[in-house]
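A.B. asks: Model the structure of this input:
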Amino acid sequence: MTQQDRSVSSPGDGETHTTTTVERGPFCLARCTCGWHGPARRARSLARADAAGHTRT
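C.D. replies: Here you go, the predicted model:
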């Protein structure tokens, strides 16, 4: 089953980014509506941290 976490933030470029975490087998990765994606992680918390770091920049 795929689980998605959503987070909305406004980074410095003035564009609203919506991030989600997506599970692929044993891995979880962060994605954004702008096309960015983070590395595949085994821990959901690390994927969420990647997404949070993206929305802060």
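A.B. asks: Go through this protein and flag its longest strand.
C.D. replies: strand 17-24 (DSSP state E).
A.B. asks: Starting from it, tell me which strands it pairs with and how they run.
C.D. replies: strand 6-9 (antiparallel), strand 27-32 (antiparallel) (DSSP bridges).
A.B. asks: Could you tell me the least trusted of those?
C.D. replies: Lowest mean pLDDT within the strands paired with strand 17-24: strand 6-9, a mean of 55.
A.B. asks: re the thing from before, by neighbour count, which bits of the longest strand of the chain are buried? Give me those.
C.D. replies: H17, T19, T20, T21, V22 (16 or more other C-beta atoms under 10 Å). No exception for glycine: its C-beta is placed from N, CA and C like everyone else's.
A.B. asks: Quick check: the two most widely separated of the residues you listed?
C.D. replies: H17 and V22 (15.4 Å; C-beta to C-beta).
A.B. asks: okay, which residue is most central for this structure?
C.D. replies: A30 (2.9 Å; C-alpha atoms, centre = their mean).
A.B. asks: show me the contacts for that residue.
C.D. replies: T19, T20, T21, V22, H37, G38, A47, R48, D50, A51, H54 (C-beta atoms under 8 Å, 6 or more residues apart in numbering).
A.B. asks: Now render those residues as TSV, adding pLDDT.
C.D. replies: What follows is these, written out as TSV (pLDDT from 0 to 100):
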residue	pLDDT
T19	94
T20	94
T21	95
V22	95
H37	95
G38	96
A47	96
R48	95
D50	96
A51	94
H54	92
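A.B. asks: Now do the contacts for A47.
C.D. replies: T21, C28, L29, A30, G38, R41 are the contacts of A47 under C-beta under 8 Å, 6+ apart.
A.B. asks: again with P26
C.D. replies: R42.
A.B. asks: Wait, R31 touches H37, no?
C.D. replies: Yes. Between R31 and H37 there is a contact at 4.8 Å, judged by C-beta atoms under 8 Å.
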